[in-house]
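> With the sequence up front, the predicted model follows.
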Amino acid sequence: MAKVTPGEFFRQVRVEGSKVVWPTRRETVTTGIMVAIMTSILAIFFFGVDAMFSAIVQFLLGLLAK
């Protein structure tokens, strides 16, 4: 691996940073809304699955208690 001087390193960082394509405000807001929607859907789904398994376990434990 070649040694790079600090000045050359920062020049390369600036060149690579200029290649970055930043999302627009609209893309960022749209992506944020989609993340919130998907997170909510998954939370509801996993809540339902957890409630179902809880009910099954409670039922099975109830059978053992009799």
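Cool, the structure landed.

> wait, what's in contact with Ser40?
With contact set as C-beta atoms under 8 Å, 6 or more residues apart in numbering, Ser40 has no partners. No exception for glycine: its C-beta is placed from N, CA and C like everyone else's.

> Figure out the helix or strand that it lives in.
Using DSSP states H and E, Ser40 falls within helix 25-65.

> Please state the offset of that helix from the chain centre?
Relative to its parent chain, helix 25-65 has a centroid offset of 15 Å by C-alpha atoms, centre = their mean, to the nearest Å.

> same question for stretch 38-56, mean pLDDT?
The average of the pLDDT scores along stretch 38-56 is 98.

> what does stretch 9-16 give?
On average, stretch 9-16 scores 94.

> what distance separates that stretch from the centre of its chain?
Using C-alpha atoms, centre = their mean, the offset of stretch 9-16 from its chain centre is 30 Å.

> cool, and stretch 20-28?
18 Å.

> now what about it, what contacts it?
Counting by C-beta under 8 Å, 6+ apart, Thr31 sit against stretch 20-28.

> so what's the most centrally placed residue in the chain scoring on pLDDT?
Centroid-nearest residue in the chain, with C-alpha atoms, centre = their mean: Val35, separated by 7.9 Å. Turning to Val35, the model gives it a pLDDT of 98.
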